[in-house]
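Engineer: how would this look folded up:
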Amino acid sequence: QVQLAESGGGRVQAGNSLTLSCIITGRTDDISAMGWFRQAPGKEREFVARITNSGHIYVADSVKDRFTISRDNAKNTMYLQMNNLQPEDTAIYYCGAKRGISSSIAPENYSYWGQGTQVTVSS
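Structural biologist: Next up, the predicted model:
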């Protein structure tokens with residue numbers, strides 16, 4: 001079994017930054033990728049960024065100029081550095097982990113999820 005736990009959310013004003021963390025524990029040897037998704041009220045869960053077990057990174061076009069995904073394997077932790085936050089970034093941010101070679105931008109392909117961390121950006 002795999003467990004994920006996010007942290008680092010909060011309330012900030014537009015233009016500020018936050019860094020989210022996601023710690024992964026448990027049986028991780030068959031995890032092929034980890035990703036960040038977000039879900040705003042009344043909207044579907046949206047892909048933000050992912051990093052594969054070989055280090056390949058993909059970030060959604062909508063945030064690629066402001067968000068950076070990274071990981072520290074020694075700490076079993078994935079990060080999402082978010083700069084120049086805007087009100088439209090307000091959402092619950094989830095980290096997920098998946099197995100296999102299915103699309104890593106589709107949330108339905110992720111087997112494990114954290115509990116989410118709230119990010120609220122005020123104008």
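Engineer: How about the spatially most central residue of the chain: what's its closest non-neighbour residue?
Structural biologist: Geometric centre of the chain, nearest residue: residue 36, 1.9 Å, by C-alpha atoms, centre = their mean. Take residue 36 and drop its neighbours on the chain: the residue closest to it by C-beta to C-beta, 6 or more residues apart in numbering is residue 48, 4.2 Å away. All C-beta atoms are positioned from the backbone trio N, CA, C, and that covers glycine.
Engineer: got it, and residue 46?
Structural biologist: Closest residue to residue 46 apart from its sequence neighbours, by C-beta to C-beta, 6+ apart: residue 38 at 5.4 Å.
Engineer: Residue 44 is in contact with that neighbour, correct?
Structural biologist: No. Residue 38 is not in contact with residue 44 according to C-beta atoms under 8 Å; the separation is 10.2 Å.
Engineer: which of these two has more neighbours?
Structural biologist: Neighbour totals were compared for residue 38 and residue 44, and residue 38 leads with 22 against 8 (other C-beta atoms under 10 Å).
Engineer: Tell me the bridge partners for the more buried one.
Structural biologist: Beta-bridge pairing of residue 38 under DSSP bridges involves residue 46, residue 93.
Engineer: Report how many residues lie close to the residue nearest to residue 36.
Structural biologist: Around residue 48 there are 25 residues (other C-beta under 10 Å).
Engineer: Much appreciated, bye for now.
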